[in-house]
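Have a look; sequence and predicted model below, questions after that.
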Amino acid sequence: MTKKQLEFGSFRFDEANECVWEGERPIQLRPKAYAILKYLIERPNVLVTKQQLLDDVWPDTFVSDAVLKDCIRQLREALQDDAKSPTYIETAHRRGYRFIAAVVESAKQPVSTQTHAVAAVLSFTPYRQPTPVTTGEVNVLDREQALAQLHGWLAAAVSAKSQIVFVTGEAGIGKTTVVDSFLAQANLATNLLIARGHCLEQYGAGEAYLPVFDSLRRLARQQGPRVIEILTRHAPSWLVQMPGLTTTSEREALQEEISGVTRERMLREMADALEVLTDEIPLILVLEDLHWCDYSTLDLISYIARGNYSSRLLLIGTYRPIEVIVTDHPLSDVKQELRLHKLCHELPLEYLSLRAVEEFLALKFPGHQFSSRLAAMIHRRTEGNPLFIVNVVDYLEDAQIIVQVDGTWRLRVDLDEVELGVPENIRNMIEKHIDRLTSEEQRILEGASVAGMECSAVAISAGLAEDILRIEEVCDGLARRHHFLFPAYLAELPDGTITPRYRFIHALYLNVLYNRIGLTRRSQIHGRIGERGEAAYGDSVAEIAAELAVHFEQSRDLVRAVKYLQMAAENAAGRSAHREAAALARKGLELFQALPDRSRLADQESKLRERISDSRERLTEQD
């Protein structure tokens with residue numbers, strides 16, 4: 001059956017490649033947003049009810065209206081469509097949606113998206129910021145050289161020369177934003193594979209390969225059978241650690257195959273799997289916040305860098321150098337060793353120049369009549385830290401110190417008064433922003449901070465014991481305004497629940513919000529989130545054992561905290577990550593000693609001690 005090529009406005013719907021094109025540029029769409037567009041475009045000028053879309057796009061799954069609305073919002077952003085005066089998607093209030101643009105058959109033939117990906121890399125020209133600018137984009141001003149270097153390394157990776165790149169800089173410098181801008185410029189969504197994983201301070205301590213497993217799960221859910229097939233054949237010891245991607249019988253078969261797995265085998269398998277995975281399409285693997293990463297993840301990065309592999313892989317790791325120095329994290333030694341042998345690149349990001357602040361103000365407030373001293377004052381107070389710049393400018397606008405009068409942006413008060421009103425540091429500035437939110441928004445963000453850097457609406461709802469639809473509505477509103485949260489993506493939990501997941505724009509936001517919560521209330525929220533996680537993951541609960549251990553430790557449910565620390569230690573041992581296994585078991589034993597009644601849990605104490613002893617022996621053998 002011939003796949004459809006349909007045109008509407010300046011866009012082309014390409015069913016063969018499951019994407020939309022604007023000219024020669026592919027448009028990034030998430031799978032469900034694409035499915036909704038396909039459903040609507042096949043029924044032009046016909047009212048499609050919300051219930052029809054929910055039934056046909058999410059068959060046999062309960063999904064709230066908020067999830068559907070978020071997909072429609074994603075489509076409108078991608079098509080640059082205005083909800084109030086639509087060109088493509090019209091809303092029928094309380095009923096549904098209608099595709100109102102003229103749709104015609106396209107004369108163009110389907111093309112290979114991979115061809116476009118390589119062409120985009122090789123023809124890259126230095127990035128220029130489009131107008132108008134949003135507050136979150138200040139981080140990419142002054143970054144033309146950094147972005148050009150990333151594209152150069154990607155071109156090398158496309159030519160089967162794997163590249164390891166560390167993007168470094170202090171908190172708020174814009175590491176994630178620069179990486180995001182780089183990915184967006186290359187239009188990678190349908191052309192190159194992207195896998196992303198995060199190291200988490202709150203949950204990551206001691207959990208082996210945490211960001212790598214995080215990225216593999218996302219990639220498998222995006223790409224489906226091909227990724228799982230490659231892992232089954234080339235990395236079974238990895239696949240067996242992800243119960244959400246296999247059936248019980250498949251895991252049992254894998255367990256027989258990987259008997260006696262070693263650390264060296266784990267590393268070799270993943271390197272082999274990456275080589276096969278990138279044979280057809282290059283892969284960008286982004287591992288964020290490596291200053292919190294586990295030892296095993298560093299082993300894998302080093303192994304890939306040193307190996308003689310023809311992977312078309314660009315591995316980008318971000319981290320804060322000061323965190324590495326203060327904690328004496330081994331990442332510093334690993335990076336220095338790789339650089340010494342020219343096996344990696346470092347891209348350090350500096351604070352922004354005064355010119356970048358001036359450009360940001362000109363883009364955000366076109367035609368403004370500010371004194372040139374305003375940019376200088378902002379640069380002096382923030383020292384060019386992009387996150388602080390954004391917060392200062394947002395504060396001045398929210399406080400109506402910057403106002404628009406007769407179509408022109410001006411300062412409402414004298415500049416000297418402005419400087420006196422600006423807080424001295426970023427934490428105080430964040431506090432001021434939080435105080436300007438509604439009490440409901442503050443409460444929901446506080447609940448999100450307990451759930452973690454990346455948090456689901458389900459977890460927030462459970463933690464606060466509040467209606468999930470309202471949680472989604474408030475979080476969506478904050479994310480649309482880029483207030484504290486990035487926009488959501490949809491995730492499916494093992495129990496079949498579909499939920500939006502949000503991510504804090506920066507860890508500083510999470511930390512300030514978390515520290516505002518009283519200890520008793522914080523403990524209660526942790527406990528409810530932990531219980532909801534247990535229920536959602538069921539037989540796959542080992543997948544989030546380290547996360548649950550944190551929630552139950554913070555809620556002072558030490559019996560369950562010890563249980564999940566033991567489970568997390570066994571997970572690490574199963575990955576031949578014996579250093580992490582010993583650390584988790586020691587933590588479990590420490591909490592065990594704090595239990596008032598230990599006699600009935602003597603067997604658990606014995607298992608923890610055995611795990612510590614066994615892991616020490618294995619580490620001695622490795623050395």
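In hand now; what should we look at?

Report the distance from the helix or strand hosting residue 182 to the chain centre.
Under the criterion of DSSP states H and E, residue 182 resides in helix 175-185. Computed by Cα atoms, centre = their mean, to the nearest Å, the separation of helix 175-185 from the middle of its chain amounts to 12 Å.

Quick check: the gap between residue 504 and residue 387.
From residue 504 across to residue 387, the span is 12 Å (Cβ to Cβ, to the nearest Å). For every residue, glycine as well, the C-beta is placed using N, CA and C.

shared neighbours of those two, which are they?
Taking Cβ atoms under 8 Å, 6 or more residues apart in numbering as the contact criterion, no residue touches both residue 504 and residue 387.

Looking at those two, which one has more neighbours?
residue 387 (24 against 20; other Cβ atoms under 10 Å).

longest single helix anywhere in the chain?
Looking across the chain with DSSP state H, the single longest helix is helix 602-622.

so where's the stretch 451-600 of the chain shaky on pLDDT?
Within the stretch 451-600 of the chain, the stretches with pLDDT under 70 are 488.

where do the strands sit along it?
Assigned by DSSP state E, counting those that start in this stretch, the strands in the stretch 451-600 of the chain fall at 454-456, 485-492, 498-504.

just so I know, which of those strands lies nearest residue 106?
Closest to residue 106 of the strands of the stretch 451-600 of the chain, according to Cβ to Cβ: strand 485-492, at 29.1 Å.

So which bits of that closest one are buried?
For strand 485-492, burial by neighbour count (16 or more other Cβ atoms under 10 Å) applies to 485, 486, 487, 488, 490, 491.

Using JSON lines, please lay out the residues you listed together with distance to residue 585.
As requested, the buried residues of strand 485-492 are arranged in JSON lines below (distance: Cβ to Cβ, whole Å):
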{"residue": "485", "distance to residue 585": "36"}
{"residue": "486", "distance to residue 585": "35"}
{"residue": "487", "distance to residue 585": "39"}
{"residue": "488", "distance to residue 585": "36"}
{"residue": "490", "distance to residue 585": "36"}
{"residue": "491", "distance to residue 585": "30"}
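
Relative to residue 525, which of the residues you listed is nearest.
Nearest to residue 525 among those: residue 485, at 17.3 Å, using Cβ to Cβ.

which phi and psi does residue 293 have?
Dihedral pair for residue 293: phi -80, psi 160, per degrees, to the nearest 10.

My read is that it contacts residue 331, right?
Yes. With contact defined as Cβ atoms under 8 Å, residue 293 reaches residue 331; the gap is 6.8 Å.

Buried residues of stretch 421-441, list them for me.
Within stretch 421-441, the residues scored as buried using 16+ other Cβ under 10 Å are 422, 423, 426, 429, 430, 432, 433, 434, 437, 441.

same question but for stretch 271-291, I mixed them up
For stretch 271-291, a neighbour-count test (16+ other Cβ under 10 Å) marks 271-275, 277-278, 281-291 as buried.

doesn't residue 366 fall inside a helix?
No. The assignment for residue 366 is coil, going by DSSP: H, G, I helix; E, B strand; the rest coil, so no helix is present there.

so how many other residues sit close to it?
Residue 366 has 12 neighbours, counted by other Cβ under 10 Å.

Select the helix or strand of this protein having the lowest average pLDDT value.
Lowest on mean pLDDT, DSSP states H and E among the helices and strands of the chain sits helix 113-122, with a mean of 40.

if I pick the closest residue in space to residue 310 that isn't next to it in sequence, what's in contact with it?
Excluding its sequence neighbours, the residue lying closest to residue 310 (Cβ to Cβ, 6 or more residues apart in numbering) is residue 160, at 4.7 Å. When the contact criterion is Cβ under 8 Å, 6+ apart, the partners of residue 160 are 310, 311, 312.

ok, of those, which come out buried?
Neighbour counting with 16+ other Cβ under 10 Å marks 311, 312 as buried within the contacts of residue 160.

Just the closest of the contacts of residue 160 to residue 298, please.
Using Cβ to Cβ, the shortest approach to residue 298 within these belongs to residue 311, at 18.2 Å.

would you say the closest one is within a helix?
No. With three-state DSSP as the criterion, residue 311 is coil rather than part of a helix.

Report the separation between it and residue 161.
Distance, residue 311 to residue 161, by Cβ to Cβ: 9 Å.

from memory residue 164 sits against residue 341, does it?
No. Between residue 164 and residue 341 there is no contact under Cβ under 8 Å: 11.2 Å.

In terms of neighbours, single out the busier of these two.
Remark: of residue 164 and residue 341, residue 164 carries more neighbours, 24 against 9, as counted by other Cβ under 10 Å.

how about the more buried one, what does it touch?
If you count contacts by Cβ under 8 Å, 6+ apart, residue 164 has them with 301, 304, 305, 315, 317, 338, 343, 344, 345.

Quick check: closest non-adjacent residue to the second one.
Meaning residue 304. In this structure, residue 304 finds its nearest non-sequential neighbour in residue 271, 5.7 Å apart by Cβ to Cβ, 6+ apart.

which other residues reach whichever strand or helix holds that neighbour?
Counting by DSSP H and E, the element that carries residue 271 is helix 263-277. With Cβ under 8 Å, 6+ apart as the test, helix 263-277 has contacts from 193, 212, 227, 230-231, 233-238, 258, 283, 285, 296, 299-300, 303-304, 307, 309-311, 313, 575-578, 622.

can you give me the helices for the stretch 201-350 of the chain?
210-223, 225-234, 236-239, 248-257, 263-277, 295-306, 321-327, 331-340 (DSSP state H, counting those that start in this stretch).

brain fart, the stretch 1-150 of the chain
Assignment of helices within the stretch 1-150 of the chain using DSSP H, counting those that start in this stretch yields the ranges 31-41, 50-57, 65-79, 113-122, 144-158.

closest to residue 245 out of these?
Closest to residue 245 of the helices of the stretch 1-150 of the chain, according to Cβ to Cβ: helix 31-41, at 16.6 Å.

which helices and strands does the closest one pack with?
Applying 3 or more Cβ pairs under 8 Å, 6 or more residues apart in numbering; DSSP states H and E, one finds that helix 31-41 makes contact with strand 11-14, strand 19-22, helix 50-57, helix 65-79, strand 96-99.

tell me how far it is from the chain's mean position?
Here helix 31-41 shows a centroid-to-chain-centroid distance of 23 Å under the convention Cα atoms, centre = their mean.

What are the buried residues along it?
32, 33, 34, 35, 36, 37, 38, 39, 40, 41.

Give me the residues contacting that helix.
Contact partners of helix 31-41, identified using Cβ under 8 Å, 6+ apart, comprise 6, 8, 13, 15, 18-20, 29, 48, 52-53, 56-58, 68, 71-72, 74-75, 78, 89, 97-99, 103, 222, 490.

Could you provide the helices of the stretch 1-150 of the chain in CSV, with additional columns for distance to residue 557?
Below are the helices of the stretch 1-150 of the chain laid out as CSV (distance: least, Cβ to Cβ, whole Å):
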stretch, distance to residue 557
helix 31-41, 36
helix 50-57, 37
helix 65-79, 31
helix 113-122, 49
helix 144-158, 45
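
In terms of mean pLDDT, which of those helices ranks lowest?
Lowest mean pLDDT within the helices of the stretch 1-150 of the chain: helix 113-122, a mean of 40.
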